[in-house]
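Novice: below: sequence and its predicted model.
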Amino acid sequence: MQPTSLAVEGTLYASSTKQPTEAKLGPATTGSNEQSIYQLLARQVGERSFQNWFAGKVSLKLEGSFLVIGVASPFLLTWMQKKFSSQIIATAIACIGPSAEYRFVVNPDLVGVTQNSLPKAASVLTAVEGSAPAAVGACEKHTEREHARTDQNQIKKQTAAYKGRHFSDLSSFVTGKSNQLAYMATLQASDQPGALYNPLFIHGGVGVGKTHLLEGFYRKIRQLYPSLQVVFLTAESFGNYFSKALQERSLPGFRQRFRNVDVLIIDDIDFFESKRIFQEELLHTIKHLESHGRQLVFSSDRHPRLLTKMSEELTTRFLSGLVCRIESPEIELRLALARQRALKLKTLITEGALEYVSRRFTNNVRELAGAINCLQTYHVMTRQKITTSMARQILSDLERDCIRIIKLDDIKQIVCSTFGVSETDLKSSRRARNVSQPRMLAMFLARKLTQAAYSEIGEFFGGRNHSTVMFAEKQVRKWLENRSSIHVALQEWTTAEIIESLEQQLLAS
């Protein structure tokens with residue numbers, strides 16, 4: 001089979017100086033067929049490892065002085081280089097001679113075969129950089145066995161922790177214009193972990209489906225690659241584990257747990273804002289995992305550049321992969337979600353009632369699901385089909401409860417946090433752009449989202465008169481019309497994007 005290269009080609013070349021001390025095999029004849037290569041490789045890696053990782057799962061071919069090994073994905077390419085490099089060079093030397101070298105390539109013909117036939121037993125990637133000699137001392141073998149046993153125990157504990165939890169599936173994720181990019185990126189990254197988008201960073205407001213995508217990613221990885229060690233947790237849990245390790249002086253164990261994983265998924269990464277010690281530990285964890293080709297997936301309520309209290313180095317790490325935004329669901333998506341929820345609950349409801357719900361509850365999916373739950377409860381009590389007029393009457397109280405009362409102080413805090421300015425500067429007479437722009441945006445939002453009069457807003461933001469607030473409102477509207485940009489966290493953002501982000505934070509707070 002002629003292996004073809006896709007996306008990544010193996011560039012790790014091994015010279016004859018890396019020949020294992022136990023491999024005393026003489027060069028095979030030039031006409032060695034593929035079956036002979038498989039037999040020699042099986043002798044080097046052992047029958048069990050050969051059946052698990054090579055038999056029917058890789059392609060082998062001699063090309064001049066190279067033994068070319070075709071694998072199914074760039075992720076497996078990196079892994080097998082580290083795990084079996086010494087055995088493979090021994091096989092190459094046995095086939096070709098002392099000048100033999102080897103090369104890994106990605107063979108797309110093997111993708112379906114490998115994903116369906118990976119060994120079911122959990123294993124841990126404990127290979128270190130470089131090629132270890134095949135013959136090692138008894139002490140070294142004992143140490144390796146102890147590490148393997150420890151890692152296996154960690155995997156069992158991790159698996160047991162997730163058994164009682166229900167994870168959403170990617171197949172149940174309803175897509176639309178607002179979330180299509182994030183969905184496709186998650187789907188592709190789960191097919192080839194560590195190869196395409198690393199890290200994958202998904203951001204959006206509350207209740208738009210970020211956690212659903214992360215859970216679906218976790219579930220698909222477990223299905224396609226059951227041998228990989230996958231950890232999925234919230235940023236708060238990561239911080240709690242780290243704090244406990246500090247208290248118990250068990251940081252080496254904590255780092256072994258999180259830096260030996262193959263896939264690390266952390267939800268609500270914005271929790272780490274202003275928590276420098278957590279950020280530093282996360283940064284070192286990311287550096288280690290990235291250097292070993294491991295997959296990282298994060299979610300946040302804001303774009304990495306809007307996490308203004310996150311370290312710059314950590315922010316650039318988030319930006320180095322793929323950043324996907326999930327926007328508030330559009331009317332078509334909300335209607336599809338309402339239909340899906342009603343069908344799941346077996347609610348008898350008219351299409352008009354569903355359209356009414358999708359028009360009235362626009363902020364996020366959770367509000368929409370809550371509205372359908374209310375209608376389902378009424379249907380169970382009365383056994384009546386829910387019509388538009390009934391839906392309007394039943395949900396009137398819920399709509400009133402969903403109104404978020406925003407205060408001037410809320411706007412001040414969100415604007416100061418986003419732009420990194422102090423409350424004193426925001427209310428001062430300073431006219432520098434980095435202060436005047438946030439001040440005008442705050443006044444604009446105060447006028448839009450509160451019932452405060454111009455004079456009240458002016459008084460709150462530094463004792464200004466009503467004409468100053470009117471000018472600020474007019475100026476921001478002009479920025480919106482001209483699609484002007486605003487400098488935030490070393491990056492330019494359109495006025496519309498900044499206002500939408502501020503509004504989402506205000507509604508979520």
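Specialist: Thanks, I have it. Residues are numbered from 1 along each chain as shown.

Novice: what count of nearby residues applies to Leu343?
Specialist: If you count neighbours by other CB atoms under 10 Å, Leu343 ends up with 11. Glycine gets a C-beta too; all of them are placed from N, C-alpha and C.

Novice: that one should be in a helix, yeah?
Specialist: Yes - according to DSSP: H, G, I helix; E, B strand; the rest coil, Leu343 belongs to a helix.

Novice: lowest-confidence helix or strand of this structure?
Specialist: Across the helices and strands of the chain, the lowest-confidence element by mean pLDDT, DSSP states H and E is helix 138-163, at a mean of 45.

Novice: quick check: next helix or strand after that helix?
Specialist: Along the chain past helix 138-163, the next helix or strand (assigned with DSSP states H and E) turns out to be helix 180-191.

Novice: what's the next secondary structure element after that next one?
Specialist: Scanning forward in sequence from helix 180-191 by DSSP H and E, the next helix or strand is strand 200-204.

Novice: and that following strand with helix 180-191, angle?
Specialist: For strand 200-204 and helix 180-191, the angle between their directions (axes from the mean of the first three to the mean of the last three CA atoms, to 10 degrees) works out to 150 degrees.

Novice: now strand 200-204, how far from the centre of its chain.
Specialist: 7 Å (CA atoms, centre = their mean, to the nearest Å).

Novice: then stretch 424-436?
Specialist: On the basis of CA atoms, centre = their mean, the separation between the geometric centre of stretch 424-436 and that of its chain is 37 Å.

Novice: buried residues in that stretch?
Specialist: Applying a neighbour-count criterion of 16 or more other CB atoms under 10 Å, the buried positions in stretch 424-436 are Asp425, Leu426, Lys427, Val435.

Novice: for stretch 260-277, same thing?
Specialist: Neighbour counts over stretch 260-277 (16+ other CB under 10 Å) mark 260-273, 275 as buried.

Novice: in strands, which of these fall?
Specialist: Applying DSSP state E to the buried residues of stretch 260-277, the entries found in strands are Val263, Leu264, Ile265, Ile266, Asp267.

Novice: ok, so what distance separates Gly64 from Gln491?
Specialist: According to CB to CB, to the nearest Å, Gly64 stands 49 Å off from Gln491.

Novice: so the two - more neighbours on which side?
Specialist: Just comparing Gly64 and Gln491: by other CB under 10 Å the higher neighbour count belongs to Gln491, 14 against 10.

Novice: tell me what the more buried one is bridged to.
Specialist: When bridges are taken as DSSP bridges, the partners of Gln491 come out as Val488.

Novice: let's verify the nearest residue to Ser59 once chain neighbours are set aside: helix, strand, or coil?
Specialist: Nearest in space to Ser59, with sequence neighbours left out and distances taken as CB to CB, 6 or more residues apart in numbering, is Gly70 at 3.6 Å. The assignment at Gly70 comes out as strand when based on three-state DSSP.

Novice: residues near Gly70, how many?
Specialist: As a burial measure, Gly70 scores 24 neighbours (other CB under 10 Å).

Novice: ok, the one 10 residues further on next?
Specialist: Counted by other CB under 10 Å, the residues lying close to Met80 total 20.

Novice: next one: the one 5 residues further on
Specialist: Neighbouring residues of Ser85 were enumerated by other CB under 10 Å; the total is 20.

Novice: grab the nearest non-local neighbour of Phe54.
Specialist: If you skip the residues right next to it in sequence, Phe54 has Leu41 as its closest partner in space, 6.2 Å away by CB to CB, 6+ apart.

Novice: what sits against the one you found?
Specialist: By CB atoms under 8 Å, 6 or more residues apart in numbering, Leu41 lies in contact with Phe50, Phe54, Leu60, Gln87, Ile88, Thr91.

Novice: what's the most distant pair in the residues you listed?
Specialist: Greatest spacing in the contacts of Leu41, by CB to CB: Leu60 and Gln87 (12.9 Å).

Novice: tell me how the protein divides into domains.
Specialist: Under the assignment named as automatic domain parsing, the residue ranges that make up the domains of the chain are 16-117, 170-324, 331-401, 408-508.

Novice: shaky segments in the stretch 301-450 of the chain?
Specialist: Within the stretch 301-450 of the chain, the segments meeting pLDDT under 70 span 397-404.

Novice: and the pLDDT for the residue nearest to Phe54?
Specialist: As summarised for this prediction, Leu41 has a pLDDT of 84.

Novice: in which helix or strand does it reside?
Specialist: Under the assignment given by DSSP H and E, the secondary-structure element containing Leu41 is helix 34-45.

Novice: contact partners for the spatially most central residue of the chain?
Specialist: Taking CA atoms, centre = their mean, the centroid of the chain lies closest to Val297, which sits 2.1 Å from it. Taking CB under 8 Å, 6+ apart as the criterion, Val297 is in contact with Thr186, Ala189, Pro199, Leu200, Phe201, Ile202, Leu214, Phe217, Val263, Leu264, Ile265, Ile266.

Novice: which residues does it form a beta bridge with?
Specialist: Leu200, Ile265.

Novice: quick check: the gap between it and Leu307.
Specialist: Following CB to CB, the distance that separates Val297 from Leu307 is 16 Å.

Novice: quick one, phi/psi of the closest residue to Arg317 other than its chain neighbours?
Specialist: In space, and not counting its chain neighbours, Arg317 is closest to Ile286: 5.4 Å by CB to CB, 6+ apart. Taking degrees, to the nearest 10, you get phi -60, psi -50 for the backbone angles of Ile286.

Novice: let me see the contact set for Ile286.
Specialist: Residues counted as contacts of Ile286 (CB under 8 Å, 6+ apart) are Pro199, Leu296, Leu314, Arg317.

Novice: before we move on, what SS does the last one have?
Specialist: The assignment at Arg317 comes out as helix when based on three-state DSSP.

Novice: hmm, Leu283 and it touching each other?
Specialist: Yes - in this structure, Arg317 is within contact of Leu283 by CB atoms under 8 Å, at 6.9 Å.

Novice: sounds good, over and out.
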